[in-house]
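Visitor: below: sequence and its predicted model.
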Amino acid sequence: MANSAVLYECDEAYVVWGVEDETITVVGTDFDPSKSKIRGQALEMWLQQNLRPAPWFRFHRFDYHGKPVVILSVRPATEIPVKFDRKAYIRIGSHKTLLDDHPARLKEFFRRVDSATKESSEESLWRQTLIDKMRNVCERELNKR
């Protein structure tokens, strides 16, 4: 997700549990990342140890109209692709695929990472302000439903 966030020029990438893909209807989820374990280890620690370099990510768990929803937010990779088990992945649509199998996307990844490091702080502030305004509009629209 961190690699895809770079390719799609997103400030964060998201995975959502508790919402149907096609209808965007909130159905709730039993998934609780704070209680999830892999091989006896807490999920968040397991992810931190198996992703290299470890991206910034956070699980958000909340109720929406009485139904539990979980959102995993992941910030974009910086400098090099994030790898899991020594392999870098990206998402194309709803499919996960190896970044190395797509040389044009790998080249684009490095072009965007390079240009992102050159972005001025003023441009970054302007972009974040715009994104914040867009999020507010989206939240208002969702709350009307």
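Guide: On my side now, so go ahead. Numbers count the residues shown, from 1 in each chain.

Visitor: please make it C-alpha for all contacts and neighbour counts, starting now.
Guide: Fine.

Visitor: contact partners for V69?
Guide: For V69, the contacting residues are 16-19, 26, 28-29, 61-63, by CA atoms under 8 Å, 6 or more residues apart in numbering.

Visitor: among the residues you listed, which lie within strands?
Guide: Taking DSSP state E, the ones among the contacts of V69 that sit in strands are 16-17, 61-63.

Visitor: tell me which residues form a beta bridge with V19?
Guide: V19 has these beta-bridge partners by DSSP bridges: V26.

Visitor: that one - how many residues pack around it?
Guide: Look at V19: counted by other CA atoms under 10 Å, it has 18 neighbours.

Visitor: quick one: E12 and A5, what's the gap?
Guide: 6 Å (CA to CA, to the nearest Å).

Visitor: ok, H65 next?
Guide: 29 Å.

Visitor: who's more crowded, the two?
Guide: Taking neighbours as other CA under 10 Å, H65 and A5 compare with A5 leading, 20 against 10.

Visitor: and the helices in the protein, which stretches?
Guide: For the chain, the helices defined by DSSP state H cover 2-7, 43-50, 103-118, 121-144.

Visitor: still on that earlier bit, quick one: buried ones out of the contacts of V69?
Guide: Among the contacts of V69, the ones that count as buried by 16 or more other CA atoms under 10 Å are 16-19, 26, 28, 61.
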